[in-house]
Every structure is written in structure tokens, then in C-alpha cells.
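Asks: Let's see this in three dimensions:
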Amino acid sequence: MAWGVGVSAALKATAATGPATAARTVPEKVILVLGDSLSAEYGLPRGTGWVALLAQKLARDKAPVRVVNASISGDTTSGGRSRLGALLAQHRPAVVVIELGGNDALRGLPLELTADNLGWMTQAAQKAGARVLLVGMQVPPNYGADYGRRFSAVFVEVAKAHKAAVVPFMLKGVADGANPTRLFQADRIHPTQEAQPIILATIWPELGKLLK
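Replies: Below is the predicted model of the structure:
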């Protein structure tokens, strides 16, 4: 009899406290950023790149979101494609931000290859249950107007084909701002620390929608 009363009381206590505990526990979401040097803080003090600023913003907002930066300087869409499967299995992200393609253009890789890799990564992430944001890039004018137009269009076209979100140009307000020289490092390729909040402000509107 004493055992029965004890179990009954324990069950009642669990029933009373269980829902309240569950209500206090909000599942953590993971944002996986798969990018190149523009997201890997190349030439910047640690913790000052746009991805770190994103994590800081989410922490200030008390959002139950963890940011995983899997960006590697020099990476291409082929490199991202080879790494993505393991990253999806390890982190099980709710959102995947793909910021790759710029190095494809710098290496003169075929646009078809870039588009195929971006499409494959988008589908793989979606099949794993994640929402996808493609972050687009543009190339300098010396590549030619036609190539530049077709390269920029790749990101929008892939996003449209796979119903993913897209930021057409990551460096909007940086490369085409009032004083772009001030916002780039000496190599004229990588943005400065001062440019990082501008980049986050460009990416956040689309990224924020995916967290709702």
C-alpha cells in the first residue's frame, strides 16, 4: 500500500510539474553558415565578422538560436558540397546559409558547375529539414558585363528553382556604397571590420524570416 501511494503521488507530481518544465524549455535552433573568406573573418580580429555579429545579436535578443560558422577561406561551391553532408548530420540545422561562389568566379570555373553545386547543396539541406538562404555575390567589371550579369543571376535562379530565400548581393552598401575604398582591406577584396555591420544588415531581413 505504501508503495502504491508513493507511485501515485510521484505521478501526480510529475503531471503537475511536467508541462511547466516543458514550457520553460524552448528547443534550440541551429543556423549553419557555409561560406568562404567573406564569412570566415579573413583579415579581421576574431569575433568581429558578420557571423559573429549575428550570434551576438541573437544573444542580445535572447533567441534560442546557436550559430555554427563552418566557413573556410578560399572555399568553392565544390568544397562546400563535399563538406555539407557531414555538417548536416553533426549539427542538424534549422537554417543553412550558403555563402559560396565568389571563389568559383575568381578561378574561372564554369557557371554551370557553380549553379549545379548550389542547387545540390540547397536540396540536400532542405531534405535534411533545414530552410536555406543563398547569399549572392557579384564580380568586378573587368570580368565583362555579360559574365558579371550571368554570374549574379545564378544565385537568384537557383533560389527560385528550389524555393529558397536569397540575398542577391552580399556586399550591397559596401562595394556600391558612398565610400567603398574605406570599407575594404588593402587587397580590395575583403571587407573591413567597419563593413561587417552593413553586411549583417543586408543579410538579416531574409535570414530573420527563416527563423519564424
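
Asks: Provide the partner residues of the most centrally placed residue in the chain in its beta bridges.
Replies: With distances taken as C-alpha atoms, centre = their mean, V97 lies nearest the centre of the chain, 2.4 Å away. According to DSSP bridges, the residues that bridge with V97 are V33, L133.

Asks: Let me see the contact set for it.
Replies: I31, L32, V33, L34, G35, V132, L133, V135, I203, L207 (C-beta atoms under 8 Å, 6 or more residues apart in numbering). Every C-beta, even on glycine, is put in place using the N, C-alpha and C of the backbone.

Asks: With L54 instead?
Replies: Contacts for L54 (C-beta under 8 Å, 6+ apart) come out as I31, V67, L200, I203, W204, L207.

Asks: top of those residues by neighbour count?
Replies: I31 (25 neighbours; other C-beta atoms under 10 Å).

Asks: What is the three-state secondary structure of it?
Replies: Per DSSP: H, G, I helix; E, B strand; the rest coil, the local secondary structure of I31 is strand.

Asks: Can you tell me which of the contacts of L54 end up in strands?
Replies: I31, V67 (DSSP state E).

Asks: Just the C-alphas of stretch 75-95, formatted as CSV.
Replies: Output in CSV follows, covering the C-alpha atoms of stretch 75-95 (Å, rounded to 0.1, in the frame of the first residue of the first chain):
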residue,chain,number,x,y,z
ASP,A,75,36.4,27.6,-50.3
THR,A,76,34.4,27.0,-53.5
THR,A,77,30.9,25.6,-54.1
SER,A,78,32.6,22.2,-54.8
GLY,A,79,34.3,22.3,-51.4
GLY,A,80,31.1,23.3,-49.7
ARG,A,81,29.3,20.5,-51.4
SER,A,82,31.8,17.9,-50.2
ARG,A,83,31.6,19.1,-46.6
LEU,A,84,27.8,19.7,-46.3
GLY,A,85,26.6,16.2,-45.6
ALA,A,86,28.8,15.7,-42.5
LEU,A,87,27.8,19.2,-41.2
LEU,A,88,24.1,18.5,-41.6
ALA,A,89,24.5,15.2,-39.7
GLN,A,90,26.5,16.8,-37.0
HIS,A,91,24.6,20.0,-36.3
ARG,A,92,21.0,19.2,-37.6
PRO,A,93,20.5,22.9,-38.5
ALA,A,94,17.1,24.6,-38.8
VAL,A,95,18.6,27.1,-41.3
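
Asks: What residues of it count as buried?
Replies: By neighbour count on 16 or more other C-beta atoms under 10 Å, the buried set for stretch 75-95 is 75-81, 84, 87-88, 91, 93-95.

Asks: Verify the stated contact: G74 with G102.
Replies: No: the criterion here is C-beta atoms under 8 Å, and G74 misses it with G102 at 10.1 Å.

Asks: Let me know the average pLDDT across stretch 156-167.
Replies: In this model, stretch 156-167 has a mean pLDDT of 98.

Asks: can you tell me the distance between the two ends of that stretch?
Replies: 8 Å (C-alpha to C-alpha, to the nearest Å).

Asks: Report the buried residues of it.
Replies: Under 16+ other C-beta under 10 Å, the buried positions of stretch 156-167 are E157, V158, A159, H162, A164, A165, V166, V167.

Asks: Please tell me I have it right and S73 contacts G43.
Replies: No: using C-beta under 8 Å, S73 is not in contact with G43, being 9.3 Å away.
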